[in-house]
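Q: Next comes the sequence, and after it the predicted model I'd like to discuss.
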Amino acid sequence: KTVAVILVGGPTKGTRFRPLSFNLAKPLFPLAGQPMVHHPILACQKIPNLAKVFLIGFYEEREFTLYISALSNELKVPVMYLREEKPHGSAGGLYNFKDLLMEEEPHDIFVLNCDVCCSFPLTEMLDAHRKHGGIGTLLVKKVSRDVANEFGELVADPKTGELLHYAEKPETFVSDFINCGVYIFTTDIFSAIRDVTSTQKDRAALRRVSSVEALQFSSKATPTKFVRLDQDILTPLAGKKKLYTFETTDFWEQLKTPGMSLRCSSLYLNQYRQTSPELLAVGDGTKSPTIVGDVFIHRSAKVHPSAKLGPNVSISANARIGPGVRLIGCIVLDGVEVKENAVVIQSIVGWKSLIGRWARVQGAGNYNTKLGITILGEDVAVEDEVVVVNCIVLPHKTITSRVQDEIIL
Ligand code: GDD
Ligand code: GTP
């Protein structure tokens with residue numbers, strides 16, 4: 001049997017995702033019309049002999065309960081949210097729920113970061129993992145040299161795939177192969193995490209740095225400390241014939257900023273062409289709007305047939321798109337109204353916002369720069385004929401005249 005764990009983090013993380021994470025946990029932000037975490041869960045559903053999917057994080061329970069119960073009804077795999085009372089780090093969080101995970105008697109445990117967007121080739125990874133027989137397999141990808149240092153860089157044996165060296169976000173270049181944040185481990189990972197923690201404990205005792213810290217360790221059998229999967233576990237285990245790599249050449253992106261959610265939305269929309277074409281809108285401009293490229297429209301949204309949408313447009317529940325509207329490269333969230341002849345290009349339009357007649361909301365489409373797209377927070381109003389270019393607008397603002405390259409607080 002196998003189980004899958006999706007690390008969702010918590011409200012002290014994902015600050016770069018503001019203002020979109022003010023009212024919604026980042027893992028629930030919609031990409032291609034589905035919550036971010038929906039995409040890895042769907043991929044897990046295809047793993048052979050999967051017993052359960054666990055989401056581990058420190059968001060409040062209620063943020064996930066509604067979503068998870070709806071999802072469990074829809075998919076045939078049980079999904080459960082496990083809440084840490086405080087952040088334990090990516091490995092500490094996993095270890096914290098060791099007993100619950102072991103109850104399922106898994107042979108292998110999939111561990112996925114929730115903030116990556118990829119095709120999640122989990123079954124192929126599992127085959128490779130079973131062949132080499134190590135305690136873990138990492139999904140890796142070759143990226144361009146100048147961005148590699150934003151990730152964990154690694155060196156693997158080109159023949160066997162063995163992980164030889166691992167450095168988390170190194171200052172000097174190590175390799176253009178990076179850690180994609182998708183892993184498979186045997187249950188031996190728990191003893192590896194425990195060993196690391198006891199070494200930490202010994203060192204702390206030796207240095208006599210903190211008597212409080214030492215007490216914490218001696219009074220409890222489980223590590224209460226912060227342990228990270230990457231630098232605390234992968235780095236020391238590299239080069240010991242325990243960890244192996246599996247390379248993907250499919251799409252892969254990390255999702256830390258709102259700009260990247262536009263990029264990842266387009267990647268998932270494009271994936272629907274193969275996996276679920278029925279989710280993509282079709283239209284010809286007569287009874288339904290004109291559709292260009294990949295577009296998702298929630299069934300409760302109302303789009304006027306004279307509107308033109310796409311490519312890369314996702315429209316969430318209860319949005320209303322008026323006559324003559326043009327949308328290109330955008331995420332339009334629940335309850336938004338876009339009035340007639342307005343244009344929205346390379347932008348994210350926050351929940352219940354209102355865009356007036358002939359208004360123009362636009363971004364340059366540079367997903368990696370702060371003001372590279374326009375983001376309207378929740379309940380923003382852009383008045384008729386007003387132009388907004390490359391701006392971040394915080395929730396509940398009304399824009400009455402032209403703004404450009406600004407953060408509107
Ligand atoms: N439950 C829980 N508890 N989850 C956590 C915690 C924690 O204390 N800390 C982080 N996470 C989750 C985050 O939500 C995210 O999904 C994942 O763990 C990794 O987050 P970070 O540890 O902050 O690392 P990162 O995202 O900067 O980089 C990691 O992922 C990259 C791939 O996206 C590293 O592993 C890199 O090497 C890797 O390239
Ligand atoms: P396509 O015809 O869609 O291929 O685009 P284009 O090359 O004509 O122009 P562009 O990409 O700049 O604009 C995209 C669409 O938005 C075009 O169909 C324009 O007619 C339309 N558009 C541009 N500005 C406005 C505007 O201020 N109001 C309205 N209603 N539509 C506009």
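A: In hand now; what should we look at? Ligands and ions are numbered 1, 2, ... in the order given.
Q: Got phi/psi on the closest residue to ligand 1 within the stretch 301-409 of the chain?
A: In the stretch 301-409 of the chain, the residue that lies nearest ligand 1 is residue 368 (14.7 Å; C-beta to the nearest ligand atom). Backbone N, C-alpha and C define where each C-beta goes, glycine included. Main-chain torsions, residue 368, degrees, to the nearest 10: phi -100, psi 0.
Q: so the nearest residue to it once chain neighbours are set aside, which of the three states?
A: Nearest residue to residue 368, sequence neighbours excluded (C-beta to C-beta, 6 or more residues apart in numbering): residue 259, at 6.3 Å. Of the three states, residue 259 takes helix under DSSP: H, G, I helix; E, B strand; the rest coil.
Q: Could you tell me the per-residue confidence at residue 221?
A: We have a pLDDT of 43 for residue 221.
Q: If you could redo that for residue 160, that was the one I meant.
A: pLDDT at residue 160 comes out at 96.
Q: do the same with residue 63
A: At residue 63, pLDDT is 84.
Q: Can you name every helix or strand that whichever strand or helix holds it contacts?
A: Residue 63 belongs to helix 61-74 when assigned by DSSP states H and E. Other elements packing on helix 61-74 under the criterion 3 or more C-beta pairs under 8 Å, 6 or more residues apart in numbering; DSSP states H and E are strand 50-57, strand 79-83.
Q: Identify the residues contacting the residue of the stretch 301-409 of the chain closest to ligand 1.
A: Shown in contact with residue 368 (C-beta atoms under 8 Å, 6 or more residues apart in numbering): 257, 259-260.
Q: Check residue 227 too.
A: Contacts of residue 227 (C-beta under 8 Å, 6+ apart): 88-92, 95, 193, 196-197, 200, 233.
Q: Check residue 291 too.
A: 281-284, 309-310.
Q: any low-confidence regions in the protein?
A: Within the chain, the stretches with pLDDT under 70 are 14, 201-224.
Q: Does residue 323 touch residue 308 like I think?
A: No. Using C-beta atoms under 8 Å, residue 323 is not in contact with residue 308, being 10.8 Å away.
Q: Those two: which is more packed in?
A: Each of residue 323 and residue 308 has its neighbours counted (other C-beta atoms under 10 Å); residue 308 has more, 17 against 14.
Q: before we move on, back to that, just put the contacts of residue 227 in JSON lines and tack on distance to residue 159.
A: Shown next, in JSON lines, are the contacts of residue 227 (distance: C-beta to C-beta, whole Å):
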{"residue": "88", "distance to residue 159": "36"}
{"residue": "89", "distance to residue 159": "33"}
{"residue": "90", "distance to residue 159": "29"}
{"residue": "91", "distance to residue 159": "29"}
{"residue": "92", "distance to residue 159": "34"}
{"residue": "95", "distance to residue 159": "33"}
{"residue": "193", "distance to residue 159": "29"}
{"residue": "196", "distance to residue 159": "28"}
{"residue": "197", "distance to residue 159": "33"}
{"residue": "200", "distance to residue 159": "34"}
{"residue": "233", "distance to residue 159": "24"}
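Q: In helices, which of these fall?
A: Of the contacts of residue 227, the ones assigned to helices by DSSP state H are 89-92, 95, 193, 196-197, 200.
Q: Tell me the one of the residues you listed nearest ligand 2?
A: Of these, the one sitting nearest to ligand 2 (C-beta to the nearest ligand atom) turns out to be residue 90, at 42.1 Å.
Q: Could you pull up the contacting residues of the spatially closest residue to the closest one that is not a sequence neighbour?
A: Spatial nearest neighbour of residue 90, excluding adjacent residues (C-beta to C-beta, 6+ apart): residue 229 at 4.0 Å. Neighbour list for residue 229: 89-91, 94, 111, 183 [criterion: C-beta under 8 Å, 6+ apart].
Q: which one of these is nearest residue 353?
A: residue 90 (34.5 Å; C-beta to C-beta).
Q: What about that closest one, how many residues nearby?
A: Other residues near residue 90 number 22, with proximity taken as other C-beta under 10 Å.
Q: And residue 107, by the same measure?
A: 11.
Q: In the stretch 101-250 of the chain, mark out all the strands, start to finish.
A: For the stretch 101-250 of the chain, the strands defined by DSSP state E, counting those that start in this stretch occupy 108-113, 116-118, 136-142, 152-156, 163-168, 177-186, 243-247.
Q: For residue 333, find the nearest of those strands.
A: strand 116-118 (18.2 Å).
Q: Give the pairing partners of that closest one; include direction for each.
A: Using DSSP bridges, the strands paired with strand 116-118 are strand 252-254 (antiparallel).
Q: Tell me the gap between the strand it pairs with and the middle of its chain.
A: 9 Å (C-alpha atoms, centre = their mean, to the nearest Å).
Q: Tell me how far the spatially most central residue of the chain lies from ligand 1.
A: The chain has residue 115 as the residue nearest its centroid, 2.3 Å off, counting by C-alpha atoms, centre = their mean. As judged by C-beta to the nearest ligand atom, to the nearest Å, residue 115 and ligand 1 stand 5 Å apart.
Q: Contact partners for that residue?
A: Residue 115 neighbours (C-beta under 8 Å, 6+ apart): 9, 14, 26-27, 36, 181, 254-256.
Q: and the residues you listed as JSON lines, adding distance to ligand 1 and neighbour count?
A: Listed next are the contacts of residue 115 as JSON lines, based on distance: C-beta to the nearest ligand atom, whole Å; neighbours: other C-beta atoms under 10 Å:
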{"residue": "9", "distance to ligand 1": "2", "neighbour count": "21"}
{"residue": "14", "distance to ligand 1": "7", "neighbour count": "22"}
{"residue": "26", "distance to ligand 1": "8", "neighbour count": "27"}
{"residue": "27", "distance to ligand 1": "8", "neighbour count": "26"}
{"residue": "36", "distance to ligand 1": "10", "neighbour count": "24"}
{"residue": "181", "distance to ligand 1": "3", "neighbour count": "22"}
{"residue": "254", "distance to ligand 1": "4", "neighbour count": "18"}
{"residue": "255", "distance to ligand 1": "8", "neighbour count": "24"}
{"residue": "256", "distance to ligand 1": "7", "neighbour count": "16"}
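Q: can you redo these as JSON lines with secondary structure?
A: Formatted as JSON lines, the contacts of residue 115 follow (three-state DSSP):
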{"residue": "9", "secondary structure": "strand"}
{"residue": "14", "secondary structure": "coil"}
{"residue": "26", "secondary structure": "helix"}
{"residue": "27", "secondary structure": "helix"}
{"residue": "36", "secondary structure": "coil"}
{"residue": "181", "secondary structure": "strand"}
{"residue": "254", "secondary structure": "strand"}
{"residue": "255", "secondary structure": "coil"}
{"residue": "256", "secondary structure": "coil"}
